[in-house]
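S.K.: Need coordinates for the following:
(one chain, ligands or ions: 2)
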Amino acid sequence: MPDISPASPASPAFLAGLPKAELHLHLEGTLEPDLKLALAQRNGIDIGQSTVEEVQATYVFDSLATFLAVYYPAMNVLQSEQDFYDLATAYFRRAAADGVVHVEAFFDPQAHTSRGVPIENVILGYSRAATDAAALGVDAQLILCFLRDFSAESAAETLAAALPYREHFVGVGLDSDERGNPPSKFAEVFATARANGLKLTMHCDIDQVGSIDNIRSVLHDIDVERIDHGTNIVEDPELVAEAVARGIGFTTCPVSNSFVTDDMKADEIVQLLRAGAFVCVNSDDPAYFGAYVAANYAALVEKAGLTVDDVARLAKNSFDASWLPEEKKAEYKAAVDAYIAAA
Ligand code: ADE
Ligand code: ZN
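M.R.: Ligands and ions are numbered 1, 2, ... in the order given. Predicted structure coming up:
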């Protein structure tokens, strides 16, 4: 039996109260079955299911590709600015309950513009929710992600369409199906994003064909500030040392890993932690994988036998890997220390 007494690092109450940042969270991945059904009704869309149980029964996946095949069609229910606002607001409420004080959340404009939804519905709905999240005690920022299985031209068009709304997002990312879509395909659009003052991150999903080459490329060719997932880097200790020296963040998602591969990758996460990397814990697509961020901490603590000090380090890493100014990082890390001291 795991120790889940209030002072234990696996206690749900302890983990939910721990101040933390969430840096790997797809807003579209927070679409819970009940909201999906409500939005389908609001917009007169037949999604083929009419109960939460029926929706959940469609959640059958064991790889990134099979997950994405369930994930994208569900987005049809998102149409108006209010739909995007409602989705993000539901997530920010859950994040607040999970001790998240800062979030840098991904969104996928092309998953919506490719269905004819105007980009302003997406950006302005999410941005209004992010502004209102302050009243929940959550400082929320947005990261525009390009879909890597779309063309480089489509990514460039998306960035051009989004730049009039530049003040609503802080960085760009790259997600969707990695197979056959290496980082180099997007070198130009990421350079344009950097020239516009945007921060850069990219997914390097778990156990992909060429994972380690893609990780090397995002570090050497694209020059990202952090990597989403990226735990295959442990295959190359020299690259780990370089990432540590450069202060690269790794936004890992233990429960997601156990759905799209056969393993949580706890050993790899702990190796990065012990090596001094800014590795942190996140939830990825919590409505699909059934675990928001505190539950991801709990899963990792239990699997890897982490201590309170380890958990505190992971929470501090979440701020160190963030794009907050240094003085805000220091403030939040002091809040972690104060929380642990009082626990
Ligand atoms: N889109 C949503 N979740 C993703 C993930 N974990 N990897 C790639 N694309 C995604
Ligand atoms: Zn992701």
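
S.K.: got the contact list for stretch 115-125?
M.R.: 75-76, 78-85, 87-88, 107, 109, 112-113, 142, 144, 158, 161-162, 165, 168-169 (C-beta atoms under 8 Å, 6 or more residues apart in numbering). The way it works is simple: take the backbone N, C-alpha and C, and place the C-beta from them, glycine included.

S.K.: residues in contact with Asp132?
M.R.: 89, 92.

S.K.: err, Ala95, not the other one
M.R.: Residues near Ala95 by C-beta under 8 Å, 6+ apart: 22, 25, 103, 133, 136, 138, 292-293.

S.K.: Near ligand 1, which residues of the stretch 151-300 of the chain are found?
M.R.: Selection of the stretch 151-300 of the chain residues close to ligand 1 by C-beta under 6 Å from any ligand atom yields 175-176, 203, 205, 256, 284-285.

S.K.: re the thing from before, ok, and the most crowded of the contacts of Ala95?
M.R.: Counting neighbours by other C-beta atoms under 10 Å, Val293 leads the contacts of Ala95 with 31 neighbours.

S.K.: ok, that one to ligand 1 distance?
M.R.: Plainly put, Val293 is 14 Å away from ligand 1 if you go by C-beta to the nearest ligand atom, to the nearest Å.

S.K.: Verify the contact between that residue and Ala21 for me.
M.R.: No - here Val293 lies out of contact with Ala21, judged by C-beta atoms under 8 Å, at a distance of 9.3 Å.

S.K.: Filter the contacts of stretch 115-125 down to the buried ones.
M.R.: 75-76, 78-79, 81, 83-85, 87-88, 107, 109, 112-113, 142, 144, 158, 161-162, 165, 168-169 (16 or more other C-beta atoms under 10 Å).

S.K.: For the residues of the stretch 151-300 of the chain next to ligand 1, please prepare a markdown table with the additional fields secondary structure.
M.R.: Output for these, formatted as a markdown table (DSSP: H, G, I helix; E, B strand; the rest coil):
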| residue | secondary structure |
| --- | --- |
| Asp175 | strand |
| Ser176 | coil |
| His203 | strand |
| Asp205 | coil |
| Ser256 | helix |
| Asp284 | strand |
| Asp285 | coil |
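
S.K.: Ligand 1: which of those is nearest?
M.R.: Closest approach to ligand 1 among those (C-beta to the nearest ligand atom): Asp175, at 3.5 Å.

S.K.: and the closest one, what are its bridge partners?
M.R.: Beta bridges link Asp175 to Leu147, judged by DSSP bridges.

S.K.: Identify the residues contacting it.
M.R.: Contacts here follow C-beta under 8 Å, 6+ apart; on that basis Asp175 touches 26, 106, 108, 145-148, 203, 228.

S.K.: separation between it and Thr251?
M.R.: 12 Å (C-beta to C-beta, to the nearest Å).

S.K.: what residues are shared contacts of the two?
M.R.: Both Asp175 and Thr251 are in contact with Asp228, where contact means C-beta under 8 Å, 6+ apart.

S.K.: and the residue of the stretch 1-150 of the chain nearest ligand 1?
M.R.: His26 (4.3 Å).

S.K.: Show me where the stretch 201-343 of the chain has its helices.
M.R.: Counting by DSSP state H, counting those that start in this stretch, residue ranges of the helices within the stretch 201-343 of the chain are 211-217, 237-246, 254-260, 266-274, 286-289, 293-304, 308-320, 326-342.

S.K.: closest one to Phe67 among those?
M.R.: Taking C-beta to C-beta, helix 254-260 is the member of the helices of the stretch 201-343 of the chain nearest to Phe67, at 5.7 Å.

S.K.: list the helices and strands that closest one packs on?
M.R.: If contacts are counted by 3 or more C-beta pairs under 8 Å, 6 or more residues apart in numbering; DSSP states H and E, helix 254-260 sits against helix 64-74, helix 286-289, helix 293-304.

S.K.: could I get those helices as TSV with distance to Leu37 and mean pLDDT?
M.R.: Output for these, formatted as TSV (distance: least, C-beta to C-beta, whole Å; pLDDT from 0 to 100):
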stretch	distance to Leu37	mean pLDDT
helix 64-74	11	95
helix 286-289	12	98
helix 293-304	23	97
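
S.K.: can I get the ones you listed in JSON lines with distance to Asp221?
M.R.: Shown next, in JSON lines, are the helices and strands packed on helix 254-260 (distance: least, C-beta to C-beta, whole Å):
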{"stretch": "helix 64-74", "distance to Asp221": "22"}
{"stretch": "helix 286-289", "distance to Asp221": "31"}
{"stretch": "helix 293-304", "distance to Asp221": "30"}
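
S.K.: would you say His102 is within a strand?
M.R.: Yes - when three-state DSSP is applied, His102 is found to be in a strand.

S.K.: now it, nearest residue through space, not along the chain?
M.R.: Of all residues not flanking His102 in the chain, Ala21 sits nearest, at 4.2 Å (C-beta to C-beta, 6 or more residues apart in numbering).

S.K.: Check the secondary structure at that neighbour for me.
M.R.: What three-state DSSP gives for Ala21 is strand.
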